[in-house]
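1. I'll drop the sequence and a predicted model, then ask my questions.
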Amino acid sequence: MLRLAIACAVMMCLLENAIAQKPPGLITCTGAVPRATCDAVTTALEWRQQLPALHSVQFVIADAKSFEQERAIAGDYVFAGVINKTKPGSFTPAIHSSMDDEIIFEVTSASILKCPDRVIISTDLFQSPKKIGTNGTSMDISLVEIFTTFIHGYLEGCFGGRQVS
């Protein structure tokens, strides 16, 4: 048991050193995302990328049309990791979550941990039909915080669970 604890501690140290040397993953917004929404979601994700589970994850904040295009591509993947039908012989799973209509979690690399390293987020997730901001959009900043926290928890859970297994 002590050997396992020491091995886990050494692995965490190595992993944290490797992460510290890599630049954080990109955070991009598609062209039709309102500037205020892009800025708010980017800011909420940037500080979370300082944590190991989110450090190298690429985030795409997508308007409704772009998200549907990404979702159509992800729809060609059978969730939970069966073969990518658009590229015969390849294996790029989109991982199922309770938020599949607004968030797509993808594993695009050959990571040992097999946790998502690309997340596409629909701006619809942050819209409140009851609030209209000063910029004319209905973005609700509290929804930005709630759902970026959900994404953080989802990725942290995968990352932590995979390290133990």
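-> Done, it's in.
2. Helix or strand: which one has V60?
-> Using DSSP states H and E, V60 sits within strand 58-62.
3. Show me the contact partners of that strand.
-> Contact with strand 58-62 is made by 25-30, 33, 37-38, 41-42, 45, 66, 70, 117-123, as judged by CB atoms under 8 Å, 6 or more residues apart in numbering. Heads up, the C-betas are built off the backbone N, CA and C, glycines and all.
4. Now the buried members of those.
-> Using 16 or more other CB atoms under 10 Å as the burial test, those include 25, 27, 29-30, 33, 37-38, 41-42, 45, 66, 70, 117-123 as buried.
5. As a check, name the ranges of all helices in this structure.
-> Along the chain, counting by DSSP state H, helices occupy 2-21, 35-48, 64-75, 141-164.
6. what mean pLDDT does the first one have?
-> This points to helix 2-21. Averaged over helix 2-21, pLDDT sits at 53.
7. what sits against the spatially closest residue to G31 that is not a sequence neighbour?
-> Closest residue to G31 apart from its sequence neighbours, by CB to CB, 6 or more residues apart in numbering: D63 at 7.4 Å. Applying CB under 8 Å, 6+ apart, we find D63 in contact with T30, G31, A32, V33, T123.
8. redo that, cut-off 10 Å
-> Neighbour list for D63: C29, T30, G31, A32, V33, P34, T37, C38, S122, T123, D124 [criterion: CB atoms under 10 Å, 6 or more residues apart in numbering].
9. same deal with A44?
-> Contacts of A44 (CB under 10 Å, 6+ apart): I27, F126, I141, V144, E145, I146, F147, T148, T149, I151, H152.
10. residues near the third one, how many?
-> So the one you mean is I141. 16 (other CB atoms under 10 Å).
11. For beta bridges, what are the partners of the closest residue to E106 other than its chain neighbours?
-> Closest residue to E106 apart from its sequence neighbours, by CB to CB, 6+ apart: R118 at 4.3 Å. R118 forms beta bridges with Q58, E106, as assigned by DSSP bridges.
12. which stretches of the chain aren't confidently modelled?
-> Scanning the chain for pLDDT under 70 picks out 1-21, 75-98, 109-113, 129-137, 162-165.
13. one more time with 50, if that's ok
-> Screening the chain residue by residue with the criterion pLDDT under 50, one finds the ranges 10, 14, 17, 19, 78-91.
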